[in-house]
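> got a predicted structure plus its sequence, pasted below:
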Amino acid sequence: MDTEENANQIDNEEVIRVTHFRNLSSMSAPSQEELNSIYTDDCKSLLSSVRRRVEISDEKIEPGSLNVLSAKYESLDYDTCENHLLLDEERKKGYKFVVKKNLARWFIFLLIGVVTALIACAIDISIEELSQVKYASLSQYVDHYITEGKLYIPYFLWVLYNIVPVFIGATLVAFVEPIAAGSGIPQVKCYLNGVKVPRVVRIKTLFVKSVGVVCSVVGGLAGGKEGPMIHSGAVVAAGISQGKSTTFKSDFNMFYYFREDHEKRDFVSGGAAAGVSAAFGAPVGGVLFSLEEGTSFWNQGLTWRTFFASVISTFTLNVVLSTYHGVPGILNFPGLLNLGQFERFSYQIYEIPIFILMGCIGGFLGALWNHLNFKLSVWRVKYIRNKFLKVIEACLVAALTATVGFLMMYLINDCKPLGQDPTKYPTQMYCGDGEYNVLASIWFQTPEASVRSLFHDPPNTHNALSLGVFVVFYYILSCTTFGLACSIGLFIPTLLTGAAWGRLLYVGLAHVLPVATLVHPGKYALIGAAAQLGGVVRMTISLTVIIMETTGNISFALPLIVTLIAAKWTGDFFNEGIYDTHIQLSGVPLLPWEPPPLVHNVYASEVMSHPVITLRTNENVGHIVELLKLTTYNGFPVVDPPITDQSEVVTYGRIRGLILRSQLIVILQRKLFNETAEYWDTVTASIFRAEYPRFPTIDQVHIAEEEKTYSIDLRPFMNPSPYSVLHSTSLPRMFRLFRALGLRHLPIVNDTNEVIGLVTRKDLARYRVWHHQGRMGVEELLISKEL
Amino acid sequence: MSTWLFFLFFCMNQKIISTELITSTTNCTIYKDNLAEAVSAFTSCAISYAHPIKFCESCVDAYIEVLDSFKNLFVYKDKNGPCVDSYINLDRLQIITTLYGNSYDLWNRAKCYECFQTINGELTNKPSTETTTFFDLHKNWTDCRDKNDANDTILCSVCMNAYVKLNSYYLSISNENEKIGVCMDIVDAMNGTRAYWSAKCCVFRHKNEAIFLTSTIIVSFTTILFYIFTKLCSKKKTPIILKQTRFAGSFNQVFD
C-alpha cells in the first residue's frame, strides 16, 4: 500500500500528523490547560496511531472470497483475571463456596440435559403431528383428483402446504434473528473454539430456531432438525447457567458466580453435547462432538459432566417420546433420529474394498456438493442480501421441492403391492388397486422416515430407475436448501442422498454377484449414507460414533471408520468441509487444532499489531473515555509511565498488567475514581459479573466534564500477571499458548519487559494453511470490517 | 415364540389347580395320539388350501381340534402325573411343542382369528360379521365379472359399482397405514380381485394433465428467473480491506 498517499489523505482530512508511537505524557493533577493539550497536541499522536489501525485501504475485495477475516468477531475471555478483587473474594468465601459451586455445576448440567431434551421433544412432536396432517391429506387428495384428471389441485395444495410454513419460518429468520439460519453447527463450533459470535446464544435465537425448524421441516424443505437441535442445546446451556435473562429483563439471582465467559463456554460445550445426544440418541457421540469441535480447552471433569448431561438428555427424551407414542416406560426412543436397529449385520473381508470405494465416491460427491453449495452461498452473499428477497427465495425453493417431488411420482410409475413394506401413506397414483407408488411413499413422509425406509425396507422395494432419479434431484435440492434463510440442518438430506445411492449400488452389485453373499441392502444404504455425510461435513471421530450409536451396532465400527476415512481424504483432496467453508465465508477467525507447519521462522514481532495502545497504572478519566470511543480494542496493556516524555523518541512502557474494555466501562459506570474514593460503594468482583454478558457501550456511560479531569488507579482491577511473550517467540509457540489456554490478548514484550505489541486471535488466525489437490501452503489473510 | 408358550403353560397350570380335573384311569398315550392326528390333519388342510388362500375358512375345524387336543395334555393326568410332563420339556428336540408351535404360528401369522368370532375367549368356527359381509360383496363382484367377461370396456363400466363397494368395504376393515389388519383369506381374495381389476380397468386412470404440467414448468422457470433477476437488480457490495498495522509498517511511517 502506498503509505505516502495515505498520509496525505489524512493530512487533508484533519490536522493529524502521523508521528511515532508513544505514551501520553504523565499528568498527576492536570490543569485545564494541560487537559486541552490532551485533546490537541498529545492526542494527535494517540489518534494517529488509532487512525492508522482503522485506516481503510483502497483495496477492495470480491464478496464471497474465503481469504478475508471479519473484524467484527471477538474472542471470549477464557482466561481468569486474577485481580485484587478476585483474591479478596477467594479469601472471603473460602472452600465452602468451592463446594457449593461444584454442586451447582452438576445441577446445571442436569438441567441442561432435561431442558434440551424437552425442547427436542416439543420440536419432534410438532413436526410429527403437522406432517401427519399434511401428508395424509395430500395422499388422499392425489388419489381423489387423479381419477378426475385434475392433478393440479393436489399439486397447488402441496405447493401451498410447503410455502406457508416456510414463509413463516423464513420471515422469522430473516427479520427477527438472522443468526438462527442454517444448522447452527458452524456457529456453535466457532463459539466452542472461543469466538464470540454475536447473538448466538440468546433466548430469541432459541425461539426462532425452534419455531423455524418446525416450519422448515413441515414445509417439506430438504433438511432435518438435527443441526438446529445442537444449536438449541447450546443456547439452553448458556441460558440456564446464567440464572438470568437479559431479553426478559429478569434476574433470578441464581448462579451469579457462573457469569463469565470461562464458565459459560464450559456449559455450552455440555449443551451442544446434550443437543447431539437428543438429536441422534448418541450420548458418547455428543461428548466426542464437543471434544472434536471445542478441543482447545478441555479437561477431564468437564468431559465427565458433559457425558452426564448427554445421558440425561437422551433418557429424558426417551421417557417423553415413549409416553407420546403410547408405550410409557418402554424406552425405545433414545433420539430424534432413529435409524432403527439392524438385525443381522455381519460383513465379509472382501466387502472392505467395496466400502473403501464407497467412501471415495461419498468423498467425491460430498466435495462436489460443498463446491456447488459454496458457489450458491457466494451468490447469496453477493446478490440476495435483501431480507424480502431471502424470504421469497426460501418460498420458491419450497415450491420447487413440491414440484420436483410431484413430477417424480407423476413420471416414474414404480408400483409395489401394499402390505409388504411399512408404508405410512400409500398413494396409488397410476398404479393398480392394492399397489402404491414408491416415489410418492418416499416424498409423502418426513425425510427422516425416508432414510429409515431406505435402511430397512426389504430388497427389491425400490427399483434402480426411481432410486437413481431420486438421488440426482434430492442431491441438487438439498444443496440448494442449505444456506437458505431457514433454520434447517443438512444431516438428514445428506444421509438420505447417501442411503439412496448406497442402495442403488446394492442393486448394481446384486446383478454382478450372487445375491446370497450380499446380506442386506440396508448395509450398503448405511455405508453410502455415512460416506456421503463424511464427504460433506468431514467430521471424523464424532461422526463415526454417532452413526454407530444411532444404528446400535458396535461391531460395524471398522467398516464405518474405513469408509469415513476414505470419504474424508477424498473430499479433502478437493476442498474443505461444508461447515469450515461457511465459517471461512463469514470470516470468523477460527483457530484450527494445530499451528500452520513450517512457520517457526515467523516471529512475534511480525505477527503482532504494532503500535499498541497502552494505559498507565494511574490514568486520566478523559483519556480513557476518548480511547474507548476512538478504538474498538478490548484489551489494553497497563504500563509504567515511560522514562521520557519526548515525542521524538520511540518509547515503550514496562508491562504491569492488562485491563479489558468491559472492566474499564464498569469502572467508569460506577465512577470508581481516585478523587471520589470516599463515595465508593463496596467494590467486589461481582460488580463486573452484574453487567455480563452485555456490557454497556462507552456511549451509554455518562461522564461529566468535570469527571474527565479525575484519574483512575487501574491496579486493583487489572490482571496483574497477563501471559506475555518475548518478541522473538515463534508463531507456533504463541499459537499453542493461545489455543491451549484460550487467551484473548497476548502482549509482546522486548528484552526489558516493555510492551511493544499485542497479539490477538485475528493476528494468529490470519496465517492459514490451505490444501488443494495434494498441494499445500500457508496464506496470509486480509481483514475487512464489512464482512 | 417361547414367550407365548410360557404364557400358555402358565394359564394351563392355573386351570389344573382351579378345576381339579383329574382322572386316575386316563392313559396319556391316547391324548398324545389325538394331538398327532389333529396336527397332521391341520397341516394337510393348510397345504391343500395354500393358493388361492382359503386356509382360514377351510381349516378352522382342524385348528380348533389341534387346540383342544393340546389343551387336553395339560388337563389330564395318569399315574405318572400330568400328561404334559411325559411329553414336554424332556429333551432339546421338543417335537410336540415345535410342531404344535408351527400350527399355532401359521394360524396367527395369517390372522385367521380375525375371520371368526371369539366367544368367551374361545375360538369358534362361526365367521365374523366382517367376513360374511365381505364375502357377500365379493360374490356380487365375481357374479358380475363372470357375466361380462367378454368385453373389457363393458366389464369396467358395468361392474364398477360392485368393485368400488367391495374395495371401499375392504379399505374400511383393513388398517393399511401400519399393517394389514384382516385375515389372510380376505386379503388374498381382495388382492386377486384388485390385480384383475387393475389389469383390465386401471388404464382409464390416465387423464390429460396439461394444467398440472404447465404449472410445474412455470414454477421451475420462476425459480431460475428469480436467481437471474437478483443478479441483474442488486447492487454489488465490495467490502474494503482494513490495513493492518505491523512493526515493519511503522518503520515505513518513520522514514516517510
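Arrived safely, thanks for sending. As the structure is a prediction and not an experimental result, all values here were calculated from the model.
> so what pLDDT did residue B:254 get?
pLDDT for residue B:254: 41.
> same deal with residue A:295?
59.
> same question, the one 5 residues further on
pLDDT for residue A:300: 86.
> do you know how far it is from residue A:680?
41 Å (CB to CB, to the nearest Å). In this view, the C-beta of every residue, glycine as well, is placed from N, C-alpha and C.
> now do residue A:533
From residue A:533 to residue A:680 the distance is 58 Å (CB to CB).
> the more surrounded of those two?
residue A:533 (27 against 11; other CB atoms under 10 Å in any protein chain shown).
> how many other residues sit next to residue 227?
Answering for chain A, as no chain was given. 29.
> not quite, go with chain B.
Count around residue B:227 with other CB under 10 Å applied: 16.
> hang on, isn't it packed against residue A:380?
No - judged on CB atoms under 8 Å, residue B:227 makes no contact with residue A:380 at a distance of 9.7 Å.
> number of nearby residues for whichever residue of the stretch 51-200 of chain A sits closest to chain B?
Of all residues in the stretch 51-200 of chain A, residue A:149 sits closest to chain B, at 2.8 Å by CB to the nearest CB. Using other CB under 10 Å, the number of residues around residue A:149 comes to 15.
> did I read that right, it in a strand?
No - counting by DSSP: H, G, I helix; E, B strand; the rest coil, residue A:149 is located in no strand; its state is coil.
> mind listing what it touches?
Neighbouring residues of residue A:149 by CB atoms under 8 Å, 6 or more residues apart in numbering or on different chains: B:207, B:208, B:209.
> among those, name the buried ones.
residue B:209 (16 or more other CB atoms under 10 Å in any protein chain shown).
> out of the contacts of residue A:149, who's near chain A?
Filtering the contacts of residue A:149 for proximity to chain A (criterion: CB under 8 Å from any CB of the partner chain) leaves B:207, B:208, B:209.
> pick the one among those residues closest to chain A.
For those, the nearest to chain A is residue B:207 (2.8 Å; CB to the nearest CB).
> touching, that closest one and residue A:410? I think so.
No - judged on CB under 8 Å, residue B:207 makes no contact with residue A:410 at a distance of 11.6 Å.
> ok, the closest residue to chain A within the stretch 51-200 of chain B - contacts?
Going by CB to the nearest CB, chain A is nearest to residue B:198 of the stretch 51-200 of chain B, at 2.4 Å. Contacts for residue B:198 (CB under 8 Å, 6+ apart) come out as A:431, A:432, A:433, A:434, A:435.
> any chance of JSON lines for the ones next to chain A among the contacts of residue A:149, columns secondary structure and pLDDT?
Converted to JSON lines, the ones next to chain A among the contacts of residue A:149 look like this (DSSP: H, G, I helix; E, B strand; the rest coil; pLDDT from 0 to 100):
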{"residue": "B:207", "secondary structure": "coil", "pLDDT": "76"}
{"residue": "B:208", "secondary structure": "coil", "pLDDT": "80"}
{"residue": "B:209", "secondary structure": "coil", "pLDDT": "83"}
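> export these to a markdown table and tack on distance to residue A:354?
Shown next, in a markdown table, are those (distance: CB to CB, whole Å):
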| residue | distance to residue A:354 |
| --- | --- |
| B:207 | 45 |
| B:208 | 46 |
| B:209 | 42 |
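> if we ignore the residues flanking it in sequence, what's nearest whichever residue of the stretch 501-650 of chain A sits closest to chain B?
Nearest residue of the stretch 501-650 of chain A to chain B: residue A:610, at 4.4 Å (CB to the nearest CB). Closest residue in space to residue A:610, ignoring its immediate chain neighbours: residue B:247 at 4.4 Å, by CB to CB, 6 or more residues apart in numbering or on different chains.
> surely the one you found meets residue A:606?
Yes - contact criterion CB under 8 Å: residue B:247 and residue A:606 qualify, at 6.7 Å.
> more neighbours: which of the two?
For residue B:247 and residue A:606, the more surrounded residue by other CB under 10 Å is residue B:247, and the numbers stand at 19 against 16.
> what's near enough to touch the more buried one?
Residue B:247 touches A:605, A:606, A:608, A:610, A:756, A:757, counting by CB under 8 Å, 6+ apart.
> ok, now how distant is it from residue A:364?
45 Å.
> where in the stretch 1-150 of chain B is pLDDT low?
Scanning the stretch 1-150 of chain B for pLDDT under 70 picks out B:1-26.
> can you map out the strands along it?
For the stretch 1-150 of chain B, the strands defined by DSSP state E, counting those that start in this stretch cover B:77-78, B:81-82, B:116-119, B:122-127.
> partners of the second one in the sheet?
By that I understand strand B:81-82. strand B:77-78 (antiparallel) (DSSP bridges).
> and stretch B:148-157, end to end?
Separation of the first and last residues of stretch B:148-157 by CA to CA, to the nearest Å is 10 Å.
> tell me the buried residues in it?
Buried residues in stretch B:148-157 (16+ other CB under 10 Å): B:148, B:155, B:156.
> same deal with stretch A:249-266?
A:255, A:257, A:258, A:259, A:260, A:261, A:263, A:264, A:265, A:266.
> can I get that stretch in CSV? Just the C-alpha atoms.
C-alpha atoms of stretch A:249-266 as CSV (Å, rounded to 0.1, in the frame of the first residue of the first chain):
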residue,chain,number,x,y,z
LYS,A,249,-35.0,-8.4,32.0
SER,A,250,-35.4,-10.9,34.8
ASP,A,251,-32.6,-11.9,37.2
PHE,A,252,-33.2,-15.0,39.3
ASN,A,253,-30.2,-14.1,41.5
MET,A,254,-29.0,-17.6,40.9
PHE,A,255,-25.7,-18.9,39.6
TYR,A,256,-24.3,-15.3,39.5
TYR,A,257,-20.8,-16.9,40.0
PHE,A,258,-21.1,-18.5,36.6
ARG,A,259,-21.5,-15.2,34.8
GLU,A,260,-18.2,-15.1,32.9
ASP,A,261,-17.0,-16.4,29.5
HIS,A,262,-15.0,-19.2,31.1
GLU,A,263,-17.8,-20.9,32.9
LYS,A,264,-20.3,-20.2,30.2
ARG,A,265,-18.3,-21.8,27.4
ASP,A,266,-17.9,-24.9,29.5
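> tell me who's in contact with the nearest residue to residue A:188 once chain neighbours are set aside.
In this structure, residue A:188 finds its nearest non-sequential neighbour in residue A:234, 4.8 Å apart by CB to CB, 6+ apart. Shown in contact with residue A:234 (CB under 8 Å, 6+ apart): A:184, A:188, A:191, A:200, A:201, A:268, A:271, A:272, A:275.
> closest to residue B:70 out of those?
Relative to residue B:70, the closest of the contacts of residue A:234 is residue A:275; by CB to CB it sits at 54.4 Å.
> show me what whatever helix or strand the closest one lives in is packed against.
Using DSSP states H and E, residue A:275 falls within helix A:261-280. In terms of contacts (3 or more CB pairs under 8 Å, 6 or more residues apart in numbering or on different chains; DSSP states H and E), helix A:261-280 is packed against helix A:84-146, helix A:185-193, helix A:226-242, helix A:283-293, helix A:300-324, helix A:541-551.
> which residues are contacting the fourth one?
Applying CB under 8 Å, 6+ apart, the contact partners of helix A:283-293 are A:188-189, A:192-193, A:230, A:269-270, A:272-277, A:280, A:298, A:303, A:306-307, A:310-311, A:313-314, A:539-543, A:545-546, A:548-549.
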